[in-house]
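> fold the stuff below for me.
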Amino acid sequence: MKINRHDQAKILTLQEISRLFSQGLTTARDRSLFGICLYTACRINEACSLHTADVYNSKGDIRERITLRRKTTKGEQSTRSIPMSLELKAILQTYRSEKAYLFPGRHGRGHLNPRSADAILRAAMERLDIEGAATHSFRRTAITHMHNAKVPIKHIQEISGHKTLSALQRYVEVTEQDKEAAIATLSFEIKFSGDGSA
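Take a look at the predicted model:
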């Protein structure tokens, strides 16, 4: 799958996200898996290794927070608890797992392999003719959207689980429109005297 010129998975546009969830991802499981990636800014291996109890309570109701266990996070740094958005809750309403893992592996053993998740996404992207996206696109998209919405960087770090702010800032993409908007803020009232000739 192609990646952008900075060797990073592309940031998905709102239109691409809409098409992906309405047309590209064909099962409730796949929409739930990548919905979790998008609405929690988690890594694909973190989403694949979620336990059903991390998302649903004993009655089968969706929890108010998703728990990403320390053991499954990169570097096993710390457990993260992320609020459940209404959008993600709506996606998860259509999916249930009776197994210990939310996304069981083949024949119900273990959890879905991240490479299998990558193949699922690759097929969906090819059907929609979307280039440059990868499983990491959901994490980058979520982080960039939060940053553009002026969410404080420390708040984003608590959600994303990045160890350092410098590591997190590499995820934030600056577009040509962002640069144009930044330059447009440089509005100064400058008065010239004379015609400028010496």
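> now do the strands in the protein.
Ranges of strands within the chain are 65-68, 80-83, based on DSSP state E.
> tell me which of the ones you listed is the most buried.
Most buried of the strands of the chain, by mean neighbour count (mean count of other Cβ atoms under 10 Å): strand 65-68, with a mean of 19. C-beta here means a position set from N, CA and C on the backbone, and glycine is covered the same way.
> name every strand pairing with that one and say which way it goes.
If you go by DSSP bridges, strand 65-68 pairs up with strand 80-83 (antiparallel).
> tell me how far residue 50 lies from residue 161.
Applying Cβ to Cβ, to the nearest Å, the value for residue 50 to residue 161 is 14 Å.
> these two: which has the busier surroundings?
Comparing residue 50 with residue 161 by other Cβ atoms under 10 Å, the one with more neighbours is residue 50, at 25 against 22.
> looking at it, the more buried one is touching residue 68, isn't it?
Yes - counting by Cβ atoms under 8 Å, residue 50 touches residue 68, with 7.4 Å between them.
> and the longest helix for the chain?
Identified as the longest helix of the chain according to DSSP state H is helix 114-128.
> can you list contacts of that helix?
Under the contact criterion Cβ atoms under 8 Å, 6 or more residues apart in numbering, helix 114-128 has outside partners 1, 16, 19-20, 23-26, 30, 33-34, 44-45, 47-48, 103, 105-106, 131, 133-135.
> just to revisit the earlier point, using CSV, lay out the strands of the chain together with mean pLDDT.
Formatted as CSV, these follow (pLDDT from 0 to 100):
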stretch, mean pLDDT
strand 65-68, 92
strand 80-83, 91
